[in-house]
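Novice: quick one, fold the following:
(2 chains)
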Amino acid sequence: MNYPILIILAFVGIVLQSTILHHVQVGGVTPDLILVLVVFHSIFQGPKRGAIFGFALGLMEDIMLGRFIGMNALAKGMTSLLVGGLAQRAFRENILVPIFTLFLGTLFNELIYLMLGKLTGLNWSWELWLWKAIPIAIYNTCLVPFVYSRFYYWSTGERENHAL
Amino acid sequence: MTNRKWILTGVLLLVIIYGTVQVISFTGWGSSVLFPVSKASRELMAPLFKGISTVVFETQNFFGYFADNRKLRQENEELKQLKDQLEGKLYGLKEQELENQRLHDLLNYKEAKTGNYNLALAKIIGRDPSNWYKSVIIDQGSNHGFRVNMPVITHHGLVGTIINVSANTAEVLLILDGEGAVGARLFENRVTPGVIIGTGHSDVLQMVHLPHNSQIEKNQTVVTSGLGGLYPKGIRIGTIEEVRLEPNGLTKTALVRPFVDFSRLEEVFVILQVKNPEEDQLPDAIKPADSKVPLALSTGGDFR
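Specialist: Residues are numbered from 1 along each chain as shown, chains lettered A, B, ... in the order given. Okay, here's the model as predicted:
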């Protein structure tokens, strides 16, 4: 896997999330492109590499955000660990695999985020998790048909004309 | 993986989690100073963010102009329709308010005059189409007990008399018509009898055959005298506007502004029965109907 390109993609994702994506909010949320990238990476690279990559990208996001440094890192790292573990024995060519793992991964990521927030004294409620996590999970999952096939062919090196 | 490796991995994970949580707490809301690396990355990214935001903003503005224009046209159309609807409603409400006020006044009058008259309310449904007669059609007739020569009034004053009836309509000759003479007197000077006649061409009346020595002044109130038997006495008619001495020097003529605004007449009372004629009761202070026709012009006479 070409990590410099992945880092550039993550960087572009952060820039897009900070600028353009706010204009395409649905249900008050924007898609988490970094999480999508991290989950897809974990599907192909497994839990260990996935966790390290997730942690690294999360940390990069945190550093650019400048506050609560480590929250995204820990949440994305743990999510990658879970998703990587789940997808390890799954048939990655099946489109339902990224849909299911991304939906579940998003819910888990937001759950870890909420718990870390509560742990550090933020006044976040469980209700907030429902209002945030479910729309983000739906929004992220909607991106799968547009992104996953390209990611699959790019990461496996196969030709794109092979149907998933 | 051996047990030792599992333990090491677990410990490492716990250390990472613990350390990260500590860093999260340290860099939370309580910390007003950015990490140097965060500060540097933000400074580095700022021009990029600014550039993208400007492009997005300008693009939105460019496409937004067309979208806004279409939206504004549509909104304008909708607002115009809404305005028309609301104007219609407002007009209807004003109509109802005015009708309500009129009916309220009429009801009050009817209650106040219960001891004097047996009154029946009727609506005006038509006016004489010719220019020669001053009459109106009301929506009740012989089926409702209306008969020829019954006086017609409103709470403002005398309107006229019924001149013909059908089963469900009746025609009322207004006192404005030259044919509708009414025996009248001054309320303030009961010994001054006269006759009220319409000029036939304006909404003012003339009081004729007044003795030359009669004490008649502007703003005095004219009421029916009861002479002639057609109208019960004491019904208010109007106020004196101007007085003139006739060329023969024997009589005076006065112009009378009627209390009733005949141009806005919509409901009237028909006096079915006179129980007790009004006596010496000064009519309620109601201003005479406004007329835009100058009095001197309306008669062509020389009043002073």
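Novice: and residue 96, how many residues sit next to it?
Specialist: Chain wasn't specified; assuming chain A. A:Leu96 has 10 neighbouring residues, counting by other Cβ atoms under 10 Å in any protein chain shown. From N, CA and C alone the C-beta is placed, and that goes for glycine too.
Novice: that's the other chain; I wanted chain B
Specialist: 10.
Novice: and the gap between it and B:Asn164?
Specialist: Taking Cβ to Cβ, to the nearest Å as the measure, B:Gln96 falls 32 Å from B:Asn164.
Novice: could you export the helix or strand containing A:Gly105 as PDB, CA atoms only?
Specialist: A:Gly105 is located in helix A:96-119, with elements delineated by DSSP states H and E. What follows is helix A:96-119, C-alpha atoms only, in PDB (Å, rounded to 0.1, in the frame of the first residue of the first chain):
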ATOM      1  CA  LEU A  96     -21.700  -5.500   2.000                       C
ATOM      2  CA  VAL A  97     -18.400  -5.900   3.900                       C
ATOM      3  CA  PRO A  98     -17.400  -2.200   3.700                       C
ATOM      4  CA  ILE A  99     -21.000  -1.100   4.100                       C
ATOM      5  CA  PHE A 100     -21.400  -3.100   7.300                       C
ATOM      6  CA  THR A 101     -17.900  -2.400   8.700                       C
ATOM      7  CA  LEU A 102     -18.100   1.300   8.000                       C
ATOM      8  CA  PHE A 103     -21.500   1.700   9.500                       C
ATOM      9  CA  LEU A 104     -20.500  -0.200  12.600                       C
ATOM     10  CA  GLY A 105     -17.100   1.400  12.700                       C
ATOM     11  CA  THR A 106     -18.600   4.800  12.600                       C
ATOM     12  CA  LEU A 107     -20.900   4.100  15.500                       C
ATOM     13  CA  PHE A 108     -18.000   2.600  17.500                       C
ATOM     14  CA  ASN A 109     -15.700   5.500  16.700                       C
ATOM     15  CA  GLU A 110     -18.300   8.000  17.800                       C
ATOM     16  CA  LEU A 111     -18.900   6.000  20.900                       C
ATOM     17  CA  ILE A 112     -15.200   6.000  21.900                       C
ATOM     18  CA  TYR A 113     -15.100   9.700  21.100                       C
ATOM     19  CA  LEU A 114     -18.100  10.300  23.400                       C
ATOM     20  CA  MET A 115     -16.700   8.200  26.200                       C
ATOM     21  CA  LEU A 116     -13.300  10.000  25.900                       C
ATOM     22  CA  GLY A 117     -15.100  13.300  26.000                       C
ATOM     23  CA  LYS A 118     -17.100  12.300  29.100                       C
ATOM     24  CA  LEU A 119     -13.800  11.000  30.600                       C
END
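Novice: quick one: the helices in the stretch 151-300 of chain B, in order.
Specialist: Counting by DSSP state H, counting those that start in this stretch, the stretch 151-300 of chain B has helices at residues B:295-299.
Novice: and the strands in it, which stretches?
Specialist: Using DSSP state E, counting those that start in this stretch, the strands assigned to the stretch 151-300 of chain B run over residues B:151-153, B:158-165, B:170-174, B:182-186, B:193-198, B:205-211, B:221-224, B:236-245, B:251-258, B:267-274.
Novice: nearest to chain A, of the ones you listed?
Specialist: Nearest of the strands of the stretch 151-300 of chain B to chain A, taken as Cβ to the nearest Cβ: strand B:267-274 at 60.3 Å.
Novice: give me the sheet partners of that closest one and which way each runs.
Specialist: strand B:117-127 (antiparallel), strand B:151-153 (antiparallel) (DSSP bridges).
Novice: residues of it that come out buried?
Specialist: Using 16 or more other Cβ atoms under 10 Å in any protein chain shown as the test for burial, strand B:267-274 gives B:Glu267, B:Val268, B:Phe269, B:Val270, B:Ile271.
Novice: and the longest helix anywhere in chain A, how far from the chain's centre?
Specialist: For chain A, the longest helix by residue count, based on DSSP state H, is helix A:33-65. In terms of Cα atoms, centre = their mean, to the nearest Å, the centre of helix A:33-65 is set 7 Å apart from its chain centre.
Novice: tell me what that helix is packed against?
Specialist: Judged by 3 or more Cβ pairs under 8 Å, 6 or more residues apart in numbering or on different chains; DSSP states H and E, helix A:33-65 is in contact with helix A:3-18, helix A:71-87, helix A:96-119, helix A:126-156, helix B:36-112.
Novice: which of those helices sits most buried?
Specialist: Comparing those by mean neighbour count (mean count of other Cβ atoms under 10 Å in any protein chain shown), helix A:71-87 ranks first with a mean of 25.
Novice: average pLDDT across that one?
Specialist: The average pLDDT within helix A:71-87 is 92.
Novice: run through the neighbouring helices and strands of that helix.
Specialist: helix A:33-65, helix A:96-119, helix B:3-26.
Novice: contacts for the second one, please.
Specialist: Okay, so that is helix A:96-119. With contacts defined as Cβ atoms under 8 Å, 6 or more residues apart in numbering or on different chains, helix A:96-119 is touched by A:32, A:35-36, A:39-40, A:42-43, A:68, A:71-72, A:74-76, A:78-79, A:82-83, A:86-87, A:90-92, A:124, A:126, A:128-129, A:132-134, A:136-138, A:140-141, A:144, A:148, B:21, B:24.
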